[in-house]
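1. When you get a sec, could you give me coordinates for this:
(chains A and B)
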Number of protein chains: 2
Amino acid sequence: MTNSAFDKLDALGKRLEALDHAQSMLFVDEAVNMPSGGGEKRAEAMSVLAGMQHEMATAPEIADWIGAAETEDLDDMQRAALREFRRSYTNATCLSSDFVSRQVNARIRSEQLWRELRPSGDWKGFLPAFEGIVATVREEAQLRADVLGLAPYDAMMEQYDPGNRTADIDPVFADLKTFLKDFVPKALAHQEAKLSARPLKPLNAPFPIDKQKALGLAMMEALGFDFEHGRLDISHHPFCGGVPTDVRMTTRYTTAEFLSSLMGILHETGHGLYEQGLPKAWSHWPLGKARGMAIHESQSLFVEKQIARSPAFWEWAMPHVREHLGADAIAGWALEDILAHVHLIERGLIRVDADEATYPLHVILRYEIEKDLVSGALAARDVPEVWDAKMREYLGLSTIDNPKDGPMQDVHWPGGAIGYFPSYTLGALIAAQQWVAIEKAQPTVEDDLRYGRFVGVNDWRRDNIWSQASRWSTPDLLQRATGEKLNATHFARHLERRYLS
Amino acid sequence: MTNSAFDKLDALGKRLEALDHAQSMLFVDEAVNMPSGGGEKRAEAMSVLAGMQHEMATAPEIADWIGAAETEDLDDMQRAALREFRRSYTNATCLSSDFVSRQVNARIRSEQLWRELRPSGDWKGFLPAFEGIVATVREEAQLRADVLGLAPYDAMMEQYDPGNRTADIDPVFADLKTFLKDFVPKALAHQEAKLSARPLKPLNAPFPIDKQKALGLAMMEALGFDFEHGRLDISHHPFCGGVPTDVRMTTRYTTAEFLSSLMGILHETGHGLYEQGLPKAWSHWPLGKARGMAIHESQSLFVEKQIARSPAFWEWAMPHVREHLGADAIAGWALEDILAHVHLIERGLIRVDADEATYPLHVILRYEIEKDLVSGALAARDVPEVWDAKMREYLGLSTIDNPKDGPMQDVHWPGGAIGYFPSYTLGALIAAQQWVAIEKAQPTVEDDLRYGRFVGVNDWRRDNIWSQASRWSTPDLLQRATGEKLNATHFARHLERRYLS
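-> Next up is the predicted model:
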């Protein structure tokens, strides 16, 4: 039995994987099954397990093992694994434990205050805590920047999407912003004309939950979700969790309509397919994990936006809706009637409620503000004015008297998660780039959707994305898979085709 | 902030509690929710977590902490906690890791072979593995005996019920055996006479599962199960798991009848009430855990046998059965008709299918054989003959040509669990002793059952059993709660009253 430095990392990986497994499943159980009285002890157990994992993952001897392993005779995969061991160790250890404990306190204080003050939109009351968070974030970004040799905001993004740089994203977001500021009013006018010619048909509620569930399961199965390695449950906030060999997806139902739950299921199915498609042999190495937030979001948005809101998909899906929800559910509807529902767009204040056309403007607004907060160009107290000015410019809406639905709407900033927001829109752009790449490789792909054949799109993503796990940085993975750098062109063409025709 | 030796034990307790929590909940999830493909990684995670826990619980420095804490200024509860820290540390460390790894191998080999050969009853094929297990058990018993200063079989029982000694159990089981050998034929004759006068009414199946579930939940709630801190699910093998603040009970249903699931639910409710009644403040100390297997079984058997198979209980329960399962479920039945079902007894080969009158004979048989296997008075290869002779003597049934339903029927021995079997019958005896003690303290208790009032029996058990957790040895807890040593008298009177009247 060898006992190389790489073997030690490998054994450490198995221990960390077991703790990950436990925490993932406890999270799922808490959201899906746990009675409320179990919460206190569960939180205690989760915090102890997270502490153990952090201790184990940041132990000083790991640096020695990584150093020693670099001189060992490794194969290509082991060498790739070693790079990711180093990357994840560096990212986990670049903050001192003194800083981390100050940070945790600032985050807890700020999140609690945010939960308390958000309903009344009390920005003034929240500001001192937010100023604390911004100060901590600047410190964190500088600490990460020093260790990683990156600019501060890039160092923050590095946690979520390795290789993402503002230098690459700025011009793409600038293009996209220019496009969308012009596109959104045109698309809204186009929609208004269409809806006055053919009004939106109301859904024939109620839709019993057991029937919606059967429809959702049938769609998941058709899309390739493996129920030997996963299941669908109910939770208040839908998510995709668990582990790659046992993916736990959730949704929630209302009997008043079926589309929000169904589209939610299809979105999470995209996340689930990615997890199920990760290479099994590397599951205990950082190398074996999904690449990052932008790529993960690209997989869910690919299924939801590129596939499941396309006309071809609905040609196939409408008979299934009738089969599961009953002939009356959408009686007498033509394809245009369902598409009018799934393509409905509108200007709104709330990011999480936004459609695919307006969503990127919400994200770009946050990205611009975040960068200035981290660099110091913007002070925390000035955020509401800047937010309002941008909202008026991008979407023609004002939030100046409504901070609740302005800068107080998301948990990310109160929780100190800066550098995360761009991933959502990067995911949407990457999903559109993937669709174009697949169309090139498989010219019949749109017809495939029309007949409910998803093997081709899955094979392409398995080969080019899922099986690659964390072998490449986010931009490299994108380049290798699609042959192109990140760009807004395909996403813009996608929107034009869908909302202006 | 103090940092006494006791504080170190306290902090260790929190870490072990978190790992316990994770393992308990992963076990529940596996039985209730997990898709089959998740099994391999789950087994890996469970084994790694168990290894971490063992490592953490047996670390050499713990011995120093315990020693140092004994000289510290502790209050009564801390002193009691320290005793249990020592007890649990001693029991966890008395086997060398070399021995444990040999033992694990012997157990895995023997359990696998047993699963393979049990269906065909191939005793000869199984014997070599069983001989290996018996040799390992003898070694284990001697190792434990040396450390604990106990006789070998007592040292094995000490794992499950601290303080249990053959010197105390032998005379009680001898009394019980004498009684039952005479009682069982009388009770069967009495039953035959009753059933020929008033034949058993068939149950009016099918019983829909959702209705059975509603009935079970209503009964659990009436009996005091706290659904803020627990829930009922479905699994193939019913159990009571989870943690005291979040007790996860399971059952399984058949539409062909409702009594087996209902009585199973009531049995597990007894376990669940004990867990929910443990003192919260000690939950991370060994002191705060349930006392052991015999006491745990006494709580489930108390609810199932003493309460839920009593005539008074069924006076209250019958209208609830009608309410939940429909008027036709037991249409025209009198109290005697339902009692005829829940008091049905018969001689059989299989322990797990046995009724309360014959069950102890199955246990005494195993207890006698186990003791002789450990002492060396009996060789593994001679078990089938001895088993057959005892079965013929105790229950008038032969297993000589049927080892599948003889010594190959239980997983305990193939898994190396020796010293566990007596707990089942000790639980039955203790349940009967508790009932008598409660009757003395609360003379109206039988009337309480008649009206579905379970607060009194729960208060008594909370005060005398649940809240005491592991403060006392099993015999001391029994003595303090009931004012009596272990005896078979009350259990025998209970059987006579129920089966001969």
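2. Now for A:Ala145, how many residues are close by?
-> 19 (other C-beta atoms under 10 Å in any protein chain shown). Placement of C-beta: from N, CA and C, glycine included.
3. element containing it, please.
-> A:Ala145 is part of helix A:123-148, with elements assigned from DSSP states H and E.
4. Which pLDDT value does the model give A:Thr2?
-> pLDDT for A:Thr2: 61.
5. Please name every helix or strand in contact with the helix holding A:Ala145.
-> Counting contacts by 3 or more C-beta pairs under 8 Å, 6 or more residues apart in numbering or on different chains; DSSP states H and E, helix A:123-148 is packed against helix A:76-93, helix A:97-117, helix A:152-157, helix A:359-375.
6. Make CSV out of the ones you listed and add distance to A:Lys8 and mean neighbour count.
-> As requested, the helices and strands packed on helix A:123-148 are exported to CSV (distance: least, C-beta to C-beta, whole Å; neighbours: other C-beta atoms under 10 Å in any protein chain shown):
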stretch, distance to A:Lys8, mean neighbour count
helix A:76-93, 10, 18
helix A:97-117, 23, 15
helix A:152-157, 28, 25
helix A:359-375, 37, 22
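7. if you average pLDDT over each of the ones you listed, which comes out lowest?
-> Taking the mean pLDDT of the helices and strands packed on helix A:123-148, helix A:97-117 comes last: a mean of 91.
8. Please name whichever of the helices and strands packed on helix A:123-148 is nearest to B:Ala428.
-> Smallest distance to B:Ala428 across those (C-beta to C-beta): 50.7 Å, for helix A:97-117.
9. which residues sit against that closest one?
-> A:95, A:123, A:125-126, A:129-130, A:132-133, A:136, A:139-140, A:143, A:408, A:411, A:414-416 (C-beta atoms under 8 Å, 6 or more residues apart in numbering or on different chains).
10. Buried members of the residues you listed into ChimeraX, please.
-> Selection of buried members from the contacts of helix A:97-117 for ChimeraX, criterion 16 or more other C-beta atoms under 10 Å in any protein chain shown:
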select /A:95,123,126,129,130,132,133,136,139,140,143,408,414,416
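11. A:Phe207 contacts A:Glu257, doesn't it?
-> Yes - using C-beta atoms under 8 Å, A:Phe207 is in contact with A:Glu257, at 6.8 Å.
12. who has more neighbours, those two?
-> Comparing A:Phe207 with A:Glu257 by other C-beta under 10 Å, the one with more neighbours is A:Phe207, at 24 against 17.
13. Could you give the backbone dihedrals for that one?
-> The phi/psi pair for A:Phe207 (degrees, to the nearest 10) reads phi -110, psi 110.
14. Then A:Pro35?
-> Given degrees, to the nearest 10, the pair of backbone angles that A:Pro35 has is phi -70, psi 150.
15. and the closest residue to A:Met156 other than its chain neighbours, what does it touch?
-> Spatial nearest neighbour of A:Met156, chain neighbours left out: A:Gly419 (3.3 Å); criterion: C-beta to C-beta, 6 or more residues apart in numbering or on different chains. By C-beta under 8 Å, 6+ apart, the residues touching A:Gly419 are A:Tyr153, A:Met156, A:Met157, A:Glu158, A:Gln159, A:Tyr160, A:Glu370.
16. at 7 Å instead, please
-> A:Gly419 makes contacts with A:Tyr153, A:Met156, A:Met157, A:Gln159, A:Tyr160, A:Glu370, as judged by C-beta atoms under 7 Å, 6 or more residues apart in numbering or on different chains.
17. One more: A:Val48?
-> B:Lys14, B:Arg15, B:Ala18.
18. tell me the mean pLDDT for the strand or helix carrying the last one?
-> Counting by DSSP H and E, the element that carries B:Ala18 is helix B:5-32. Averaged across helix B:5-32, pLDDT comes to 97.
19. and which of the contacts of A:Val48 is nearest chain A?
-> For those, the residue nearest chain A by C-beta to the nearest C-beta is B:Ala18; the value is 3.5 Å.
20. tally of neighbours for that closest one?
-> 25.
21. Near chain B, which residues of chain A are found?
-> A:14-15, A:18, A:21-22, A:25-26, A:29, A:33-38, A:40-41, A:44-45, A:48-49, A:52, A:227-231, A:243, A:245-246 (C-beta under 7 Å from any C-beta of the partner chain).
22. Redo the contacts of A:Val48 as a markdown table? Include distance to chain A.
-> A markdown table is the format used below for the contacts of A:Val48 (distance: C-beta to the nearest C-beta, whole Å):
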| residue | distance to chain A |
| --- | --- |
| B:Lys14 | 6 |
| B:Arg15 | 6 |
| B:Ala18 | 4 |
